[in-house]
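Novice: Dropping the sequence and predicted coords here.
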Amino acid sequence: MERVGLYLNKKIVVFLIGIVLSAVNANLVHKKFEYKYSFKPPYLAQKDGSVPFWEYGGNAIASAEKVRIAPSLRSQKGAIWTKNPINFDWWEVDIAFRVTGRGRVGADGLAFWYTQSKGAYDGEVFGSSDQWVGLGIFFDSFDNDGKHNNPYIMAVVNDGTQQFAHQLDGSTQMLAGCLRDFRNKPFPTRAKIEYYQNILTVLFHNGMTNNEQDYEVCLRAENVVLPKSGYFGLSAATGGLADDHDVIHFLTNSLHLPGQISTSNAVPGEEQQKLTQEYQDYQRKLEQQKADYRKEHPDEQKDPDIDEWFESDSQRELRQIFQGQNQIFQVVRELNNKLDEVVGRQERTMSLITQSAGGVAAPSATGHAPAPAGGYAGDTIRRHEVDAVFNNQNQILNTAREIRQFILELKTRADTILNNQAKQPTAQVQSVGYDTQSLISEMRDGLNHVKQNVAQVAQKIDQSPGGCPSVSCVSVTTLLVITVVQLLVILGYNIYRDNKDSQAKKFY
Ligand SMILES: [Ca+2]
Ligand SMILES: [Ca+2]
């Protein structure tokens with residue numbers, strides 16, 4: 001029974017892992033490069049001027065390096081469309097392009113299309129057809145509505161009924177957009193247009209650097225429904241003002257859920273072989289053509305090479321400026337990243353400090369110094385906390401030692417005082433007190449004596465009337481004065497004696 005239980009448990013675990021893995025895979029997008037819906041240099045156009053898998057017309061011109069969709073001449077229109085409709089649902093298109101012109105303002109603009117059917121090569125909307133069914137991404141150079149908001153990038157979805165409002169620059173019809181200058185940039189400007197699970201995202205690279213990662217989001221729109229099996233296209237137009245509208249590459253990737261890609265790869269062998277054969281034939285043909293050309297034009301061979309070898313002063317200066325700028329930009333970006341990192345760390349540290357401060361404050365109030373380390377559950381004791389505790393302990397120990405020494409000192413001093421007292425005659429200390437008492441008793445005796453005398457004298461005077469003349473007799477006041485003088489004399493003598501004693505002490 002246990003074995004069966006274990007087996008079942010294992011099955012459940014495997015099943016759960018399977019679910020988790022499939023959930024993870026669902027979030028991963030599989031990309032597949034679609035060469036039949038792409039073009040890129042070198043050899044973008046073949047010798048006869050055709051672009052494999054593409055058709056172009058109007059004033060468009062294709063070369064080995066780029067497709068000039070509309071040249072910088074007045075009132076030009078051109079377009080390039082894929083020959084075949086796409087056979088996948090979700091896609092990502094990367095376009096590198098240059099819109100260049102001598103004027104500070106250019107016209108009219110460039111358009112990317114994904115539509116149910118191919119548009120015209122000389123249409124009314126940036127060189128292609130109006131009332132389209134599907135998506136148009138417009139790079140609108142010219143400010144028709146005078147709102148000073150061009151060059152502008154926008155997405156417009158049309159069901160075939162709407163006419164594009166040129167005079168409003170499509171502001172009422174657009175799905176979303178962003179204000180970005182794409183004219184006259186040192187490096188090609190780029191746009192990455194992604195349509196996946198009905199979400200349309202347009203990323204834009206402003207061409208100030210040649211760094212692949214410098215895309216930024218221009219627009220994002222959800223619930224975008226586009227026709228299935230449409231055509232990709234590019235078109236451009238000029239007006240009274242004219243820019244060159246060059247597209248350097250158009251790279252299409254189909255986007256798939258992992259389950260979908262395995263079915264689409266079911267029959268790769270045969271097609272792969274066919275393609276390899278095709279590619280080899282093409283290469284052979286190209287080499288043959290090159291050799292033929294060299295035979296026919298032996299003197300022309302060096303001239304283009306020589307041009308390649310040299311650059312003018314202004315070209316060099318410009319190149320160096322852009323290289324410098326690029327480096328500065330990268331350094332600034334790195335600094336920015338590092339600053340973000342530092343700020344993050346600081347915030348983390350701050351939060352830790354406030355946490356630990358709160359943790360320490362509470363136990364110290366209760367009076368237990370070493371307790372806070374284990375005070376909060378789930379947190380370990382940190383090194384600096386341990387050090388702090390040790391320091392505190394050492395300080396307490398030192399203070400205790402100092403107090404002990406102080407007490408010992410006090411004790412020895414007290415002992416010496418006691419010893420000294422034992423050696424010296426204590427009578428001397430008490431002598432003053434004894435003298436005062438005896439003095440007071442002497443004074444009392446003296447006074448009593450005087451009283452008795454006075455009383456006797458008074459009796460005698462009373463007994464012998466007329467015996468003594470009243471004048472010669474001692475009056476009471478005289479007697480009192482004499483008594484006080486006598487007392488003062490005694491007191492003075494006593495003080496004199498004390499002084500003498502204390503003076504005598506000094507010689508010990
Ligand atoms: Ca416009
Ligand atoms: Ca405008």
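Specialist: Perfect, thanks for sending it. Ligands and ions are numbered 1, 2, ... in the order given.
Novice: Report the central residue of this protein.
Specialist: Nearest to the geometric centre of the chain sits residue 340, at 2.9 Å (C-alpha atoms, centre = their mean).
Novice: Am I right that it is in a strand?
Specialist: No. Going by DSSP: H, G, I helix; E, B strand; the rest coil, the assignment for residue 340 is helix, not a strand.
Novice: Quickly find the element holding residue 454.
Specialist: helix 426-463 (DSSP states H and E).
Novice: Ok, residue 110 next?
Specialist: Using DSSP H and E, residue 110 falls within strand 109-115.
Novice: Note down every partner strand of that strand and its orientation.
Specialist: strand 133-140 (antiparallel), strand 231-237 (antiparallel) (DSSP bridges).
Novice: Pick the most buried one from these.
Specialist: strand 231-237 (a mean of 29; mean count of other C-beta atoms under 10 Å). The C-beta positions use only the backbone N, C-alpha and C, and glycine is treated the same way.
Novice: Let me see the mean pLDDT of it.
Specialist: Per-residue pLDDT values over strand 231-237 give a mean of 98.
Novice: go on, stretch 82-98?
Specialist: Mean pLDDT, stretch 82-98: 97.
Novice: Now the element after the helix holding residue 454, going C-ward?
Specialist: As assigned by DSSP H and E, the chain's next helix or strand after helix 426-463 is helix 476-505.
Novice: Could I get the full set of strands for the stretch 201-350 of the chain?
Specialist: With strands called from DSSP state E, counting those that start in this stretch, the stretch 201-350 of the chain shows them at 215-221, 231-237, 244-256.
Novice: Would you reformat those strands as a markdown table and include distance to residue 179?
Specialist: As requested, the strands of the stretch 201-350 of the chain are arranged in a markdown table below (distance: least, C-beta to C-beta, whole Å):
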| stretch | distance to residue 179 |
| --- | --- |
| strand 215-221 | 9 |
| strand 231-237 | 20 |
| strand 244-256 | 19 |
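Novice: so can I have a markdown table of the ones you listed showing distance to ligand 2?
Specialist: Below are the strands of the stretch 201-350 of the chain laid out as a markdown table (distance: least, C-beta to the ion, whole Å):
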| stretch | distance to ligand 2 |
| --- | --- |
| strand 215-221 | 16 |
| strand 231-237 | 16 |
| strand 244-256 | 18 |
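Novice: what's the most buried one of the ones you listed?
Specialist: Mean neighbour count (mean count of other C-beta under 10 Å) peaks for strand 231-237 among these, with a mean of 29.
Novice: For the stretch 151-300 of the chain, list the residues in contact with ligand 2, please.
Specialist: Applying C-beta under 5 Å from the ion, one finds that the stretch 151-300 of the chain approaches ligand 2 through residue 169.
Novice: Pass me the low-pLDDT residue ranges in the stretch 151-300 of the chain, would you?
Specialist: Residues of the stretch 151-300 of the chain that meet the criterion pLDDT under 70 lie in 260-268, 299-300.
Novice: Most proximal residue of it with respect to ligand 2?
Specialist: residue 169 (3.7 Å; C-beta to the ion).
Novice: pretty sure that residue contacts residue 148?
Specialist: No. Judged on C-beta atoms under 8 Å, residue 169 makes no contact with residue 148 at a distance of 11.0 Å.
Novice: Those two: which has the busier surroundings?
Specialist: Taking other C-beta atoms under 10 Å, residue 169 and residue 148 do not tie; residue 169 has more neighbours (24 against 7).
Novice: Next up, the contacts around that one.
Specialist: Taking C-beta atoms under 8 Å, 6 or more residues apart in numbering as the criterion, residue 169 is in contact with 140, 143-145, 147, 149-150, 152.
Novice: Go again with 7 Å.
Specialist: By C-beta atoms under 7 Å, 6 or more residues apart in numbering, the contact set of residue 169 is 140, 143-145, 150, 152.
Novice: ditto for residue 201
Specialist: 194, 217, 220.
Novice: gap between it and ligand 1?
Specialist: From residue 201 across to ligand 1, the span is 23 Å (C-beta to the ion, to the nearest Å).
Novice: just residue 140 next, same as before
Specialist: For residue 140, the distance to ligand 1 - C-beta to the ion - is 4 Å.
Novice: who touches that residue in this structure?
Specialist: Neighbouring residues of residue 140 by C-beta under 7 Å, 6+ apart: 109, 150-152, 154, 169.
Novice: near ligand 2, which residues of the protein show up?
Specialist: Checking the chain against ligand 2 by C-beta under 5 Å from the ion, the hits are 143, 145, 147, 149-150, 169.
Novice: which stretches of the stretch 301-450 of the chain aren't confidently modelled?
Specialist: 301-309, 358-380, 421, 423-436.
Novice: which stretches of the stretch 1-150 of the chain form helices?
Specialist: 2-27 (DSSP state H, counting those that start in this stretch).
Novice: In it, where is pLDDT below threshold?
Specialist: 1-27.
Novice: Indicate whether stretch 163-181 makes contact with ligand 1.
Specialist: Yes. Under the criterion of C-beta under 5 Å from the ion, stretch 163-181 makes contact with ligand 1 via residue 169.
Novice: and the end-to-end length of stretch 65-72?
Specialist: Counting by C-alpha to C-alpha, to the nearest Å, you get 18 Å between the two ends of stretch 65-72.
Novice: Number of residues surrounding residue 242?
Specialist: Residue 242: 21 neighbours (other C-beta under 10 Å).
Novice: sorry, back to before: now the residues of the chain next to ligand 2: which count as buried?
Specialist: 150, 169 (16 or more other C-beta atoms under 10 Å).
Novice: Pick out whichever of the residues of the chain next to ligand 2 sits closest to ligand 1.
Specialist: Checking the residues of the chain next to ligand 2 one by one against ligand 1 (C-beta to the ion), the nearest turns out to be residue 169, at 4.5 Å.
Novice: ok so, going back, the residue nearest to the centre of the chain and ligand 2: what is the separation?
Specialist: Distance, residue 340 to ligand 2, by C-beta to the ion: 35 Å.
Novice: So which bits of the stretch 1-150 of the chain are right by ligand 1?
Specialist: 140, 142, 144.
Novice: Nearest spatial neighbour of the last one, chain-adjacent residues omitted?
Specialist: Right, residue 144. Nearest residue to residue 144, sequence neighbours excluded (C-beta to C-beta, 6 or more residues apart in numbering): residue 169, at 5.1 Å.
Novice: got it, and the second one?
Specialist: If you skip the residues right next to it in sequence, residue 142 has residue 107 as its closest partner in space, 3.9 Å away by C-beta to C-beta, 6+ apart.
Novice: tell me the phi and psi of the one you found?
Specialist: phi -160, psi 170 (degrees, to the nearest 10).
Novice: residues in contact with residue 185?
Specialist: Residue 185 neighbours (C-beta under 7 Å, 6+ apart): 206-208.
Novice: Recalculate using a threshold of 10 Å.
Specialist: 97-100, 205-209 (C-beta atoms under 10 Å, 6 or more residues apart in numbering).
Novice: just the buried members of these?
Specialist: Looks like those have 97-99, 205, 207-209 buried, using 16+ other C-beta under 10 Å.
Novice: biggest separation within the residues you listed, which pair?
Specialist: Of all pairs drawn from those, the one with the longest distance (C-beta to C-beta) is 99 and 209, at 17.5 Å.
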